[in-house]
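Asker: Here is a sequence with its predicted model. Questions after.
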Amino acid sequence: MNSTLPVLSDKTVGMTAQHIAPSFSAGVAIRAALSDAGTEGTILINDDDLSCGPIDSAALYRNQFRWMVSYVDVSDGHSSHTGWLPADGLRNALSADAEARPILWVSRTSAQEMIFQLHFASLATDFPWSVIDVPGVRGDGSSDRASHGSAGSSAAESVADSHPSRLRSLLGTEQPVSRHDVKEMVERWSKLQAENAPLRVLTDDGLLSVSADYFDKALIEHTSATAPTPMARVIADTMGSQPFPVADHVLHRRLIALVENGTMTAEGPPLNMGSCRISRTRR
């Protein structure tokens, strides 16, 4: 992969903020928020979901090549942005502009975004950085409003789920992360990485490593034993039953495994959740 970062214009280099997005969808929303606000900035994303799958050294080596960058520029009152370009890993991207201000966006009700924050902390120990804590809503309807509770027009489960107008209202609310907090994040990341479990999920006790079958009971309960049910419906109903949000692709991957091991019977290709119908296998 070509890892050369494009050169920023003199107008962009300097006090421009570097917005770190925890997913591709979050990056798109943040870029739209900056454009709507007429604010210049750099957006860095990594589209690898570290809440599922291995996070050992081999997996993280592959992860470093998944960073991408986009730039928002404002000229004569009009905003424009680049497409997503390959970035030379996070540390090199942060070093490209020594005066830029790294700002991480995260929602504490998203396992994907929380594990991303811990991983980011482990990579950015040499850089001062800030965080914009996007208030979210848990699956049981309770709010996470510890930070900036009145900001935003409506609640969402993650940065990725948030409308750009909501994120725009949070611009400028970033808070610096202390060295003590970074140290704690790095320690939590090291523990999760050492466990290297198939899944990491949010609970009332924070992020925990769990086995691959963690959601099996809920998936089976939401699948009919008599009539085939659209796989997408099973996934949606299971997502709605969880106390904390869970990504649809995590449940989809597990349903495929349940079909493969004979627990579920599929009508149609399981890889296509939109057309596949499933039922519990009769014993």
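Answerer: Perfect, thanks for sending it.

Asker: And Val186, which helix or strand is it part of?
Answerer: helix 179-195 (DSSP states H and E).

Asker: any chance you could map the strands in the stretch 151-283 of the chain?
Answerer: In the stretch 151-283 of the chain, the segments counted as strands under DSSP state E, counting those that start in this stretch are 175-176, 199-203, 206-210, 229-230, 264-267, 277-280.

Asker: Export those as CSV, with columns for distance to Lys191 and mean neighbour count.
Answerer: Using the backbone N, CA and C atoms, a C-beta is placed for each residue, glycine as well. Below are the strands of the stretch 151-283 of the chain laid out as CSV (distance: least, CB to CB, whole Å; neighbours: other CB atoms under 10 Å):
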stretch, distance to Lys191, mean neighbour count
strand 175-176, 24, 12
strand 199-203, 11, 20
strand 206-210, 8, 15
strand 229-230, 38, 18
strand 264-267, 33, 18
strand 277-280, 36, 19
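
Asker: Just send the ones you listed back as TSV, with mean pLDDT and distance to Ala37 too.
Answerer: Formatted as TSV, those follow (pLDDT from 0 to 100; distance: least, CB to CB, whole Å):
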stretch	mean pLDDT	distance to Ala37
strand 175-176	96	19
strand 199-203	94	30
strand 206-210	95	32
strand 229-230	95	40
strand 264-267	95	46
strand 277-280	95	44
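
Asker: Glu187: which of those is closest?
Answerer: strand 206-210 (12.4 Å; CB to CB).

Asker: Show me the contact partners of that closest one.
Answerer: Applying CB atoms under 8 Å, 6 or more residues apart in numbering, the external contacts of strand 206-210 come out as 111, 114-115, 118, 188, 192, 195-202.

Asker: ok, so of those, who is nearest Ala58?
Answerer: So of these, ranked by how close each gets to Ala58 (CB to CB), first place is Asn196, at 10.3 Å.

Asker: Next, count neighbours for the residue lying closest to the closest one once chain neighbours are set aside.
Answerer: In space, and not counting its chain neighbours, Asn196 is closest to Asp56: 5.1 Å by CB to CB, 6 or more residues apart in numbering. Counted with other CB atoms under 10 Å, the neighbours of Asp56 add up to 11.

Asker: wait, Asp56 sits on Gln193?
Answerer: Yes. Using CB atoms under 8 Å, Asp56 is in contact with Gln193, at 7.0 Å.

Asker: where are the low-confidence patches of the protein?
Answerer: The model of the chain has pLDDT under 70 over residues 1-15, 96-98, 136-156.

Asker: Show me the helices in it, by range?
Answerer: Here the chain has its helices, by DSSP state H, at 24-37, 57-63, 89-95, 111-123, 164-170, 179-195, 216-221, 231-241, 248-260.
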